[in-house]
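Asker: got a predicted model here, sequence first, then my questions.
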Amino acid sequence: MPADFISNLYVFILAGFVGFEVIRRVSPLLHTPLMSLTNALDAIVVVAAIIIAGRHETRLTTILGAIAVAASFSNMVGGFLITDRMLRMFKSGRSKQS
Amino acid sequence: MNALDLQQYLDFAYILAVVLFILSLRFLSSPASARWGVLAGEIGAVLAVGATLFNPELVQYKWIIITLIIGAGVGIPLGLVQMTAVPQRTALSHAFGALSAAIIGIAEYYVGTAPVTRFQMGEIALEVIIGSLTFTGSVIAAGKLQELLPQRPIVYRGQNIVSLSVLGAALALAVALVVNPAHAVLFPIMVIVALIFGVLLVTPIGGADMPTVISLLNSYAGFSAALLGFVLNSKVLVVAGALDGSSGFILSVIMCKAMNRSFTNVMFGAFGQVQVSATAAKEERVVRSASPEEAAAILSAASTVVIVPGYGMAVAQAQHKVRELYDMLTKKGIDVRFAIHPVAGRMPGHMNVLLAEADIPYDRLIEMEEINGDFPQTDVALIIGANDVTNPAARTDQSSPIFGMPILDVDKAHTVMVIKRGMSPGFAGIDNPLYYLNQTLMLFGDAKQFVGGIVRELGGGH
């Protein structure tokens, strides 16, 4: 078993626990924005796509990388945009009067 | 600056991005700080993407720039969709996320710089299978939510055996590849079989189970990204994927609990089968109905009103009329609150977003556990387009398919009013005894028009 795998497993397990603790505290009011925000964060796979597309190894991998860049970057842009639009709508009773 | 130094700077940028991602979710704990969460996430993403562009491995930028522009061109309109279209947009973004994770895994297999070891082959195969099935599954879910595909569960005899055999075939191909990674011809076959499984997985699932399915797909998309992080040895992907995966997983658990069902029951036990017996048992019972005038009079006389919104409100686009009703009643000094069932609508939190869009303050949106105790002191419970989540049979009738599901105890309110198109049963195909209670008034009609009618009557009184 490669050493990289073990260190990645550590990171994965710790991040899973952090995620569990942080997300458990998210108000159920915001479960829809939570999903769109985690989607936008998950779109960080774009960094791997960029490397595949820019490393230029074979034509096939460049094409695959290019599709992946477009798909994940659209998620990143769209995800942050819609999350912000949703969160802007949530107003408390007091701020509504102003 | 030599390459080693540069690599370390890039790693620091990624670590900072990871910290910002965790903070981003942390800010989401309250609506007041939530927008800071978006900002933190955005800064983290810009840092990570910016740093990656300096990666010394990159030799050609043309396609990167073109596809980033295409991605933004697709993403901006998808970020500007109507709030009623958020569930299908979310399903589509799960599809995009899973697609890119699967494709990168496939590309990694074909890179061919070094022969893949068995261990790497196993990682890639698992990652590509999960990514592929999540991609097609999410596309089907988006199609159902957009009503391009029927929302009813599509079921046939022996369905589960067929679906599980297809999954088994994909896994068998993966094992064959691990045993001998040189059998390159098996790889595309495995991808295709996994894509087919995604279709088979989601097709039998009906509209009302979408909150669970969408959460599960969210979790799969996250875990496929985390697995990709293992394949590429990229910690930022492992962390982001683990956060997304655990978020989807927690939401799925919440949704399943709110329906008193298990994962396997949602995935493999479509509700459709119980319909026949439930409709057969139908008998003639008396229902009392009322006009908008009568409804307005009863609401004016109330001092506490609880409105229960459901998917029907979203379909009828009635949320803005509901806000007018809320304003009218509040002006008369009536205490108006909204009772939100966790699975109301088509995705977690769906009702909250629609009502917030209609400018209803979020402190008026009350969760099920919190508001259930207040129904006995509530003068009027007004149900708009919700059905199964208000069915008292879930508490009392052991033979009911939804027995044990936590519901909103609207039947304990002094008066119950239900806006509904007709007497058709809800998604689960179950009759709702609530409609035959003495204190229940049925308000037949389109939700938007009926609420509009009540608002006109209330306005005319002044």
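Answerer: Perfect, thanks for sending it.

Asker: tell me the buried residues in the longest helix along chain A?
Answerer: In chain A, taking DSSP state H as the definition, the longest helix is helix A:59-89. Buried residues in helix A:59-89, counting neighbours by 16 or more other C-beta atoms under 10 Å in any protein chain shown, are found at A:61-62, A:64-87, A:89. For the C-beta atoms, the positions are set from N, CA and C on the backbone; glycine is no exception.

Asker: what of stretch B:437-448?
Answerer: Going by 16+ other C-beta under 10 Å, stretch B:437-448 has these buried residues: B:440-443, B:445-448.

Asker: can you name the two of those that sit furthest apart?
Answerer: Across the buried residues of stretch B:437-448, no pair lies farther apart than B:440 and B:448, at 21.6 Å, counting by C-beta to C-beta.

Asker: of the buried residues of helix A:59-89, list those near chain B.
Answerer: A:61-62, A:64-87, A:89 (C-beta under 8 Å from any C-beta of the partner chain).

Asker: just the pLDDT for the closest residue to residue A:82 other than its chain neighbours.
Answerer: Nearest residue to residue A:82, sequence neighbours excluded (C-beta to C-beta, 6 or more residues apart in numbering or on different chains): residue B:79, at 4.5 Å. Note for residue B:79: predicted pLDDT of 94.

Asker: look up phi and psi at residue B:79.
Answerer: phi -90, psi -10 (degrees, to the nearest 10).

Asker: show me the contacts for it.
Answerer: By C-beta atoms under 8 Å, 6 or more residues apart in numbering or on different chains, residue B:79 lies in contact with A:77-82, A:85.

Asker: same check on residue A:92?
Answerer: B:31-32, B:361-363.

Asker: how does it look with 6 Å?
Answerer: If a contact means C-beta atoms under 6 Å, 6 or more residues apart in numbering or on different chains, then residue A:92 has B:361, B:363 as its contacts.

Asker: find the centremost residue of chain B, please.
Answerer: By C-alpha atoms, centre = their mean, chain B has its centre lying nearest to residue B:347, at 2.8 Å.

Asker: so which strand or helix has that one?
Answerer: Per DSSP states H and E, residue B:347 falls between elements, in no helix or strand.

Asker: let me see the ranges of the strands in chain B.
Answerer: Secondary structure of chain B (DSSP state E): strands at B:304-309, B:335-340, B:365-367, B:380-384, B:415-420, B:440-444.

Asker: can you list the helices and strands that the fourth one packs against?
Answerer: This points to strand B:380-384. Packing partners of strand B:380-384 (3 or more C-beta pairs under 6 Å, 6 or more residues apart in numbering or on different chains; DSSP states H and E): strand B:304-309, strand B:415-420.

Asker: hang on, the earlier thing: for the residue nearest to the centre of chain B, which non-adjacent residue is spatially closest?
Answerer: residue B:87 (4.4 Å).

Asker: tell me the pLDDT at that neighbour?
Answerer: At residue B:87, the model reports a pLDDT of 94.

Asker: that one touches residue B:346, doesn't it?
Answerer: Yes. Counting by C-beta atoms under 6 Å, residue B:346 is a contact partner of residue B:87 at 4.1 Å.

Asker: sorry, back to before: out of the buried residues of stretch B:437-448, which is nearest to residue B:454?
Answerer: The closest of the buried residues of stretch B:437-448, once distances to residue B:454 are taken by C-beta to C-beta, is residue B:443, at 8.3 Å.

Asker: bridged to that closest one, which residues?
Answerer: Beta bridges link residue B:443 to residue B:419 when assigned by DSSP bridges.

Asker: so it touches residue B:422, yeah?
Answerer: No. Contact criterion C-beta under 6 Å: residue B:443 and residue B:422 do not qualify, at 11.6 Å.

Asker: for the chain, which spans come out with low pLDDT?
Answerer: In the absence of a named chain, this looks at chain A. A:94-98 (pLDDT under 70).

Asker: my bad, chain B
Answerer: Using pLDDT under 70, the flagged stretches of chain B are B:1-4, B:112-115, B:267-284, B:424-429, B:461-462.

Asker: domain-wise, how is it divided?
Answerer: Segmentation of chain B into domains, based on automatic domain parsing, reads B:1-77, B:85-272, B:284-460.

Asker: tabulate those domains in TSV, adding columns for distance to residue A:17.
Answerer: Converted to TSV, those look like this (distance: least, C-beta to C-beta, whole Å):
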stretch	distance to residue A:17
domain B:1-77	11
domain B:85-272	8
domain B:284-460	22
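
Asker: most packed of those domains?
Answerer: domain B:85-272 (a mean of 22; mean count of other C-beta atoms under 10 Å in any protein chain shown).

Asker: overlap of the contact sets of residue B:87 and residue B:346?
Answerer: Common neighbours of residue B:87 and residue B:346 (C-beta under 6 Å, 6+ apart) are residue B:145.

Asker: which one is residue B:295 nearest to, not counting chain neighbours?
Answerer: In space, residue B:295 is closest to residue B:454, 5.2 Å off (C-beta to C-beta, 6+ apart).

Asker: what do you get for residue B:84?
Answerer: Nearest to residue B:84 is residue B:314, by C-beta to C-beta, 6+ apart, at 5.8 Å.

Asker: tell me how far that neighbour lies from residue A:11.
Answerer: 40 Å (C-beta to C-beta, to the nearest Å).

Asker: mind listing what the residue in the stretch 301-450 of chain B positioned nearest to chain A touches?
Answerer: Closest residue of the stretch 301-450 of chain B to chain A, C-beta to the nearest C-beta: residue B:349 (3.2 Å). By C-beta under 6 Å, 6+ apart, residue B:349 lies in contact with A:31-32.

Asker: likewise residue B:29?
Answerer: A:25-26 are the contacts of residue B:29 under C-beta under 6 Å, 6+ apart.

Asker: would you mind giving both backbone torsions of it?
Answerer: phi -70, psi -20.

Asker: relative to residue A:29, how far out is it?
Answerer: Distance from residue B:29 to residue A:29, counting by C-beta to C-beta: 11 Å.

Asker: all good on my end, thank you.
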